[in-house]
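# just the structure for this:
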Amino acid sequence: MLIAMPQMQDTRFSRSVVYLCAHSAEGAMGLVINRLFSSLSFPDLLTQLNIEPTPLCDPIRIHFGGPVEAGRGFVLHSTDYVQETTLMVDKAVALTATVDVLKAIAEGHGPRQCLLALGYAGWGAGQLDTEIRDNAWLNVPADDELLFGTELEHKWERAIAKIGVDFSMLSGDVGHA
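Coordinates of the predicted model:
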């Protein structure tokens, strides 16, 4: 997971926690996991896709996954649900971006844990590495509570605390704690 440093100026990422789904020499892709996409509910999204919402859909919230392709949906989920098009991020987390996973969730036979997001955070070749070197991001290992926990208000602080750092003591200067 990436944690935005306190001095992050980009309002789209200020105090954000990003789950990194892919990172290679060609670039990186992740989902912001601590911001909601407030203008659309999951039942409304399903209705737009001609999928019948069920009462199981009501508690599911849609996250702002990032500023890239904001109309495209992604479901980050546990690996108990895997399709041919599913990207296995690691042994415990997968990413699916098809309508079938939304249908499965609505019908109650989707993944045990999931996070639905519209849009994603993307970086070109070497861009994320440069941002990390420039002290824009911290990183921390993911865990189920940070990733799938529904309490978003303090997720940024909890992510920083996981690495044993008091965020008020962080410096924006490269090479300084």
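
# quick check: mean pLDDT of stretch 91-103?
Stretch 91-103 shows a mean pLDDT of 95.

# what's the neighbour count on residue 90?
9 (other C-beta atoms under 10 Å). Where you see a C-beta, it was placed from the backbone N, CA and C, and this is true even at glycine.

# how far away is it from residue 147?
Residue 90 sits 11 Å away from residue 147, going by C-beta to C-beta, to the nearest Å.

# likewise residue 127?
From residue 127 to residue 147 the distance is 23 Å (C-beta to C-beta).

# please say which of those two ends up with more neighbours.
Higher neighbour count among residue 127 and residue 147: residue 147, with 20 against 12, using other C-beta under 10 Å.

# secondary structure class for that one?
helix (DSSP: H, G, I helix; E, B strand; the rest coil).

# that one reaches residue 19, doesn't it?
Yes. Counting by C-beta atoms under 8 Å, residue 147 touches residue 19, with 5.9 Å between them.

# nearest residue to residue 67 in space, please, no chain neighbours.
residue 12 (5.0 Å; C-beta to C-beta, 6 or more residues apart in numbering).

# equivalent analysis for residue 65, please.
Leaving aside its sequence neighbours, residue 65 sits nearest to residue 117 (C-beta to C-beta, 6+ apart; 3.0 Å).

# next, count neighbours for the one you found.
28.

# also residue 122?
16.

# packing partners for the helix or strand encompassing residue 18?
Element membership of residue 18, judged by DSSP states H and E, is strand 17-24. Judged by 3 or more C-beta pairs under 8 Å, 6 or more residues apart in numbering; DSSP states H and E, the packing partners of strand 17-24 are strand 2-4, strand 27-32, helix 155-162.

# using CSV, list the CA coordinates for the longest one.
The C-alpha coordinates for helix 155-162 follow below in CSV (Å, rounded to 0.1, in the frame of the first residue of the first chain):
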residue,chain,number,x,y,z
LYS,A,155,-7.6,4.7,7.4
TRP,A,156,-4.7,7.0,6.5
GLU,A,157,-3.7,7.5,10.1
ARG,A,158,-4.0,3.7,10.8
ALA,A,159,-1.8,2.9,7.7
ILE,A,160,0.9,5.3,8.9
ALA,A,161,0.7,3.9,12.5
LYS,A,162,1.2,0.4,11.1
